[in-house]
Structure formats: C-alpha cells, structure tokens
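Enquirer: Attaching a predicted model along with its sequence, questions to come.
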Amino acid sequence: MELRARLDKIKAIIEQDSFFNQQSLGGELNFHIFDYEPSDELIVRRYIKDFVSSYSYANSKIKPIEFDLFEMLLKILTDKTAGSKTYLDLAIETEERQGTESLINTLRGVINIEEFVNMIKKELGDSNLVILSGVGKVYPLVRSHNVLNNLHAVLDKIPVIMFYPGTYDQKELRLFKGSNFDGLKDDNYYRAFRLVANE
C-alpha cells in the first residue's frame with residue numbers, strides 16, 4: 001500500500017471510539033507504531049504537523065501532542081550546564097575536537113531515558129494522544145524500544161503512536177530498513193500494535 005494511502009487511514013483508525021478504549025485491547029498497552037520507508041521522512045514530518053494541527057480546534061475530543069525525540073534531546077542538553085557552558089555547547093566542542101564517535105560515547109554517559117519520560121509527563125497537559133517522532137534523528141543516542149519500555153509506567157492509559165523510519169513486524173524493530181537497505185536491528189519489541197499494515 002502506498003504511503004499516502006496508509007497515512008490517510010490513520011484518522012479513520014483513531015477516530016473510532018474503540019481506539020481510546022483500553023478494554024478493547026484485552027489489557028494490552030495502547031501503543032502503536034507507524035513504520036515507513038526512511039526515504040519518506042520529510043513527507044511523514046509534514047503529515048505529523050498537519051495531523052496535530054487538524055485537531056487544534058476548541059472542542060476537539062482528540063488532543064494530540066507531538067514529542068520529537070531529537071528536539072527533546074537538544075532541550076535536555078541545553079538545560080544542563082557545566083560552569084558557564086551548556087552540555088550542548090560542550091557536545092559541539094567535543095565533536096569538533098574529537099569526532100562524532102567520541103561525542104556519541106560521551107553523550108551515552110550523560111543521557112538518561114527517564115529525562116525524556118519526565119519531560120513527556122510534564123508537558124502532556126490535557127492531551128490524550130501522544131505522537132513520538134524524531135526516532136531516526138536521535139539514533140544511536142536514544143533507542144526507540146527504550147523510550148517505549150520506559151513510557152509504560154507513565155502512559156498506561158493514553159494512546160501512543162510512534163512514527164518509525166524502518167520496519168516493525170510486531171516482534172522486531174529495524175531502523176532505516178527500506179527498499180535499498182536492510183536496516184539496523186533496533187531491538188525486539190512485542191508490546192506495540194502496528195497502526196496501519198503495509199500491504
């Protein structure tokens with residue numbers, strides 16, 4: 001099925017009452033993954049902005065909020081300081097002096113997945129649908145399955161849709177997998193539903 005046709009199905013799915021009804025999932029978490037060809041990233045980004053905006057009217061029953069993991073990472077690094085410099089300043093200096101691999105190794109020791117979870121919890125407000133994006137932009141510093149695993153305790157009653165540039169077969173996440181690349185094994189993850197099949 002073409003990407004546009006799959007994207008067009010999303011609203012029909014989430015506007016059913018059963019989508020927000022936890023009981024209809026047999027006790028499973030209301031977590032969903034929309035996987036797509038990495039080459040379609042810009043189309044998906046534009047879709048997410050339009051999607052969130054389309055429900056911004058006053059009496060909307062659906063109140064989505066987008067959390068871009070990369071933007072969250074930048075905020076976390078900007079909010080932390082060492083002396084007169086932010087961690088983001090230090091990260092840029094580290095990459096310039098020592099290269100990207102050194103930067104990644106350094107940041108892995110600094111980044112705590114709970115900070116992402118706490119930010120989502122704090123900024124959620126009265127939203128009742130969480131959209132996660134920026135998965136590819138933040139790799140390998142933040143892994144999508146870690147985010148989902150840690151969100152379980154916070155968003156057990158609120159639906160989550162993660163937009164994932166790669167493939168998800170309800171067992172395995174393969175980041176950046178597309179027609180020209182076999183992808184990177186992100187990890188096994190069993191607790192999310194595939195939002196729209198690619199058939």
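Expert: Everything's here; your move.
Enquirer: for this structure, which strand is longest?
Expert: Using DSSP state E, we find that the single longest strand of the chain is strand 160-168.
Enquirer: okay, now the nearest residue to Ala192 once chain neighbours are set aside: neighbour count?
Expert: The shortest distance from Ala192 to any residue other than its chain neighbours is 4.1 Å, reached at Phe31 (C-beta to C-beta, 6 or more residues apart in numbering). Just so you know, the C-beta spots here come from the backbone N, C-alpha and C atoms, and that holds for glycine as well. A total of 23 residues lie near Phe31 under the criterion other C-beta atoms under 10 Å.
Enquirer: Quick check, Phe31 in contact with Leu148.
Expert: Yes - the pair Phe31 / Leu148 is scored as a contact, 6.1 Å apart, by C-beta atoms under 8 Å.
Enquirer: quick one: common contacting residues for those two?
Expert: Overlap between the contact sets of Phe31 and Leu148, as judged by C-beta atoms under 8 Å, 6 or more residues apart in numbering, is given by 160, 162, 191-192.
Enquirer: If you go by neighbour count, which of those are buried?
Expert: Buried members of the shared contacts of Phe31 and Leu148, counted by 16 or more other C-beta atoms under 10 Å: 160, 162, 192.
Enquirer: which residues does the second one contact?
Expert: This means Met162. Met162 is in contact with 31-34, 132-133, 135, 144, 147-148, 192, counting by C-beta under 8 Å, 6+ apart.
Enquirer: Among those residues, which lie within helices?
Expert: Members of those lying in helices (criterion: DSSP state H): 135, 144, 147-148.
Enquirer: What lies in contact with stretch 136-156?
Expert: Around stretch 136-156, the neighbours that count as contacts under C-beta under 8 Å, 6+ apart are 29, 31, 38, 41, 68-70, 73, 104, 107-108, 111, 113-114, 116-117, 120-121, 130, 132, 135, 160, 162, 164-166, 173, 175-176, 184, 186-189, 191-192.
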